[in-house]
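>>> Please work out how this folds:
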Amino acid sequence: MKTSAALLLLSVLVNCHGNMNTPAARMSALAPLPDPHGFAGMFAGVSGGALICAGGANFPDKPLSQGGVKAWHDGVYVLDAPGQSWRMAGRLPHVNGYGVSATWRDAVVIAGGGDAGQNFRECHVMRWDGKRLSFFPLPPLPVATANACGALVGDSLIVAGGQETPSSVAALSRCFVMDLGAADRKWREIAWPRGAPGRILAVAAAHDGWFYLFSGADLIRNAGGQAERRYLSDAWRYREDEGWQRLADLPHAVAAAPSPAMPAGRGMLVIAGGVWPEFLASLPQQAPHPGFSRSKIAYDIGADRWVSIDDLGGSASAPPRVTAPLVPWQDRYVVASGEIAPGVRTPTVLTIQFSP
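A predicted model of the protein is given here:
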């Protein structure tokens, strides 16, 4: 066999092997949130064994396309078990959305976020005991940030990027970490990856002691002084003893995809949906928006490469969405509410389960 033919065969075998390792998954839905519109930018996590979703924003009076005004919310909803209905558990300290949240020791950590007028530094631990909702303050972030991403690595919450004010024309290129298990909790800043742009709406992940930072969008001031998005397809990971490492670029940007990414299969991190320039350019200009992408890609950690995985489908009852939190709960991943078209939210709650 000639060398070129042998190399081609080896390439095919390697690619097939990678595809065989991609995780099989199925999608279903939980009961919808008790709101006719749903919310983008909610906080989500698990406390008292229940799934908790809180805050976010929507257009309650009329759609964005008809001049609707965006409203922020403070409601906290609880789902005790699959097959049951959501109920109102209480309220956040004030309206808030588009911050970072994570489950930590049977509580939900909330960091940053914002409303129509300002972004926030404040952070809380939110706990549900089955009857009562309680909040415990954490040290505030060094800077206000919304549209950041974050994940819990052990007891350490890492928050990366975002924007300092709702009108910012530059994305933050800053990253902060807090050891939630420490007696003296405090934020400390870690260096931003060298050469990487700041970003909003990135996807985070945590795996084997590493913090991952995928994609998102930088903000660039245009000639009129407004912020424009420049979509990114770079990928990075960080660990205290290793610093930042540059990873293989994504095949395309996945800005605003549900975050964090889902660990699955044999060392895979799966990202569902998101937006990128080519996808946005493919949308019809006059017809109603067809909805966001059903694309699913997975980062193969061991091979440092990206692969496509089977479409998880979708339906009118569980359409793909962006600007939604993703949280592991029981034997599934939950994507709570979110945005299914520009300015259009959904009260539906999507679940994804991977085969072992």
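>>> Lys70 touches Pro63, doesn't it?
No - with contact defined as C-beta atoms under 8 Å, Lys70 does not reach Pro63; the gap is 10.8 Å. From N, CA and C alone the C-beta is placed, and that goes for glycine too.
>>> which residues do these two both contact?
Common contacts of Lys70 and Pro63, defined by C-beta atoms under 8 Å, 6 or more residues apart in numbering, comprise Gly343.
>>> Spell out the secondary structure type for Arg188.
Secondary structure of Arg188, reduced to three states by DSSP: H, G, I helix; E, B strand; the rest coil: strand.
>>> Pretty sure it sits against Arg174.
No - applying C-beta under 8 Å, one finds Arg188 not in contact with Arg174, separated by 11.5 Å.
>>> give the contact list for Ala206.
Counted by C-beta under 8 Å, 6+ apart, Ala206 has contacts 151-153, 212, 260.
>>> and Ser134, helix, strand or coil?
Ser134 ends up strand, using three-state DSSP.
>>> Please tell me I have it right and it contacts His124.
No - using C-beta under 8 Å, Ser134 makes no contact with His124, being 9.7 Å away.
>>> thinking again about what came up before, ok, Arg188 and Arg174, which is more surrounded?
Taking other C-beta atoms under 10 Å, Arg188 and Arg174 do not tie; Arg174 has more neighbours (20 against 10).
>>> So for the closest residue to Gly150 other than its chain neighbours, what's the pLDDT?
Excluding the flanking residues, the one nearest Gly150 by C-beta to C-beta, 6 or more residues apart in numbering is Val100, at 3.5 Å. Each residue has a pLDDT score; the one for Val100 is 98.
>>> Output the below-cut-off pLDDT ranges for this protein.
Across the chain, the ranges flagged by pLDDT under 70 are 1-23, 282-291, 310-318, 356.
>>> any idea where the helices of this protein begin and end?
For the chain, applying DSSP state H gives helices covering 3-20, 277-282.
>>> and the gap between the residue most central in space within the chain and Gln66?
In the chain, the residue lying closest to the centroid (C-alpha atoms, centre = their mean) is Ser259, at 1.9 Å. Ser259 is 29 Å from Gln66, where distance means C-beta to C-beta, to the nearest Å.
>>> returning to that earlier point: settle this for me: the residue nearest to the centre of the chain is touching Arg199, isn't it.
No - using C-beta under 8 Å, Ser259 is not in contact with Arg199; the gap is 12.0 Å.
>>> What about the nearest residue to the residue nearest to the centre of the chain once chain neighbours are set aside, how many residues nearby?
For Ser259, ignoring the flanking residues on the chain, the nearest one in space by C-beta to C-beta, 6+ apart is Val203 at 4.5 Å. Counted by other C-beta under 10 Å, the residues lying close to Val203 total 27.
>>> Val203 pairs with what?
Phe214 (DSSP bridges).
>>> I'd like to know how far it sits from Leu350.
For Val203, the distance to Leu350 (C-beta to C-beta) stands at 16 Å.
>>> number of nearby residues for Pro166?
There are 15 residues near Pro166, going by other C-beta under 10 Å.
>>> swap that for Met88, please
Residues lying near Met88 (other C-beta under 10 Å) number 11.
>>> That one is in contact with Asp74, isn't it?
No - if you go by C-beta under 8 Å, Met88 and Asp74 don't touch, sitting 10.9 Å apart.
>>> Now do the contacts for Asp179.
Going by C-beta under 8 Å, 6+ apart, Asp179 touches 155-156, 185.
>>> out of the residues you listed, who has the most neighbours?
Greatest neighbour count in the contacts of Asp179, by other C-beta under 10 Å, goes to Ser156: 18 neighbours.
>>> gap between the closest residue to Asn222 other than its chain neighbours and Val169?
Spatially, and ignoring its direct neighbours in sequence, Asn222 is nearest to Glu228 (4.8 Å; C-beta to C-beta, 6+ apart). Going from Glu228 to Val169 by C-beta to C-beta gives 9 Å.
>>> residues shared between the contacts of the two?
Counting by C-beta under 8 Å, 6+ apart, the shared contacts of Glu228 and Val169 are 219-221.
>>> In strands, which of those appear?
219-221 (DSSP state E).
>>> follow-up on the earlier one: wait, the residue nearest to Asn222 sits on Asp218?
No - applying C-beta under 8 Å as the test, Glu228 and Asp218 come out as separate, 9.3 Å apart.
>>> Please identify which of these two sits among more neighbours.
Neighbours around Glu228 and Asp218, counted as other C-beta under 10 Å, are more numerous at Asp218. The numbers are 20 against 13.
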